[in-house]
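Enquirer: based on what follows, work out the 3D shape:
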Amino acid sequence: MTTRTSQAGRAVSRPGGFTYLLMLAAIAILAVSAQALTTLNSHVVRAEREAELLFRGQAYRNAIARYVRTGPDHSLPRNLTDLLNDPRFPHQHYIRTLYPDPMTADGQWSLVRGDDGGILGVASTSRARPLRHANFPPGLEDFAGAASYADWVFQFKSPPTAPAH
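Expert: Predicted coordinates:
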């Protein structure tokens with residue numbers, strides 16, 4: 001039996017394709033790992049945006065409550081900028097900035113209006129299904145089991161008035 005040799009005098013290896021198969025396996029493992037990492041990262045980003053929605057929605061609800069309690073007539077704000085600069089009282093602020101809706105690309109809120117047209121609250125316009133379904137902060141327990149972020153309504157609820165005697 002003779003061994004084929006190259007011109008340099010070394011034995012010629014026969015291509016078996018083993019290296020090619022190892023490279024394909026490595027690429028497949030890398031692709032699956034990248035997909036898992038992307039999915040995990042997407043989940044984390046969505047959870048952070050959801051937490052930000054809870055913070056911003058509560059900030060608006062609390063600002064509306066302070067606006068109503070501060071005014072002599074207990075009126076509702078006509079627009080969100082009234083929370084930033086109260087037209088009734090110079091230099092009065094109820095919210096630090098006008099926060100956009102973190103769940104939507106345009107950042108626009110759905111406004112909940114009272115009978116007089118004033119703003120009672122805000123809600124996201126996103127129809128995405130929430131990640132969180134339980135263990136909400138006090139006052140937001142109604143959000144449990146919501147089908148979408150749009151169902152998370154951050155609304156000021158005035159305390160019941162005492163009956164007159």
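Enquirer: any idea how far the residue most central in space within the chain lies from residue 55?
Expert: Compute the mean C-alpha point of the chain, and by CA atoms, centre = their mean the closest residue is residue 49, 2.6 Å away. Here residue 49 is placed at a distance of 11 Å from residue 55 (CB to CB, to the nearest Å). Any C-beta I mention is one placed from the backbone N, CA and C, and that applies to glycine too.
Enquirer: so who does the residue nearest to the centre of the chain touch?
Expert: Residue 49 makes contact with 102, 103 under the criterion CB atoms under 8 Å, 6 or more residues apart in numbering.
Enquirer: ok, then the element right after the helix or strand hosting it?
Expert: Under the criterion of DSSP states H and E, residue 49 resides in helix 18-70. For helix 18-70, the following helix or strand on the C-terminal side (DSSP H and E) is helix 81-84.
Enquirer: adjacent strands (with direction) for whatever helix or strand comes next after that following helix?
Expert: Downstream of helix 81-84, the first helix or strand assigned by DSSP H and E is strand 110-113. Paired strands of strand 110-113, with direction, are strand 119-123 (antiparallel) (DSSP bridges).
Enquirer: quick one: pLDDT of residue 35?
Expert: Residue 35 is assigned a pLDDT of 81 by the prediction.
Enquirer: could you do residue 43 as well?
Expert: For residue 43, the predicted pLDDT is 79.
Enquirer: returning to what we had before: now do the residue nearest to the centre of the chain against residue 134, distance only.
Expert: Taking CB to CB, one finds residue 49 at 19 Å from residue 134.
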